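Colleague: Give me the fold of what follows.
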Amino acid sequence: MDHLLDTHTLIWAATDVGRLSKRAAALLTDERNTLWVSAASAWEIATKVRLGKLPEALLLESNFERNLQQAGYRLLPIGTDVALRAGRIQNIHKDPFDRMIAAQALALDIPVLSIDAKLDAFGVRRIW
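Modeller: Numbering: from 1, shown residues only. So this is what the prediction gives:
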């Protein structure tokens, strides 16, 4: 089954697996699953590392694509159709990274692995 990782899920999987729920950890290690990481997560991580808000993600950010590949994750690019969809979502939640991840999950009809209950307002299926 396909799943889209929220940014914090990606970071925790790389730096502190103890923060993952048992269900999320099991899904991340189940080889039958296809695990997607949004290009928006790359943008969010790079931005927050630059601002000093995510020092724990520095190594993840510095070799982002290689780290995804080694973990078995697939990079999900941002297409124009999904960018427009994210921009058209009513002001449920203003975080541009969450809006993009929600738009991608909705467009692909896949669940998001996330602890963030704010995503529920977008109508995505969230697993934690």
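Colleague: Please enumerate the helices of the protein.
Modeller: Per DSSP state H, the chain carries helices over the ranges 7-15, 22-29, 39-50, 58-62, 64-71, 80-88, 96-108.
Colleague: what mean pLDDT would you report for the fifth one?
Modeller: For helix 64-71, mean pLDDT rounds to 97.
Colleague: so what does it touch, helix or strand wise?
Modeller: Secondary-structure packing of helix 64-71 (3 or more CB pairs under 8 Å, 6 or more residues apart in numbering; DSSP states H and E): helix 7-15, helix 39-50, strand 74-76. For the C-beta atoms, the positions are set from N, CA and C on the backbone; glycine is no exception.
Colleague: Please apply the same query to the last one.
Modeller: Helix 96-108 makes packing contacts with strand 2-5, strand 34-38, helix 39-50, helix 80-88, strand 112-113 when contacts are defined by 3+ CB pairs under 8 Å, 6+ apart.
Colleague: Adjacent strands (with direction) for the shortest one?
Modeller: Strand 112-113 has its sheet partners listed here by DSSP bridges as strand 2-5 (parallel), strand 126-127 (parallel).
Colleague: Let's have the ones you listed in TSV, adding mean pLDDT, distance to residue 50 and mean neighbour count.
Modeller: As requested, the strands paired with strand 112-113 are exported to TSV (pLDDT from 0 to 100; distance: least, CB to CB, whole Å; neighbours: other CB atoms under 10 Å):
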stretch	mean pLDDT	distance to residue 50	mean neighbour count
strand 2-5	98	21	22
strand 126-127	98	28	18
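Colleague: Format the helices of the chain as TSV; extra columns: distance to residue 127 and mean neighbour count.
Modeller: Listed next are the helices of the chain as TSV, based on distance: least, CB to CB, whole Å; neighbours: other CB atoms under 10 Å:
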stretch	distance to residue 127	mean neighbour count
helix 7-15	10	21
helix 22-29	6	15
helix 39-50	17	19
helix 58-62	22	15
helix 64-71	18	14
helix 80-88	20	13
helix 96-108	11	22
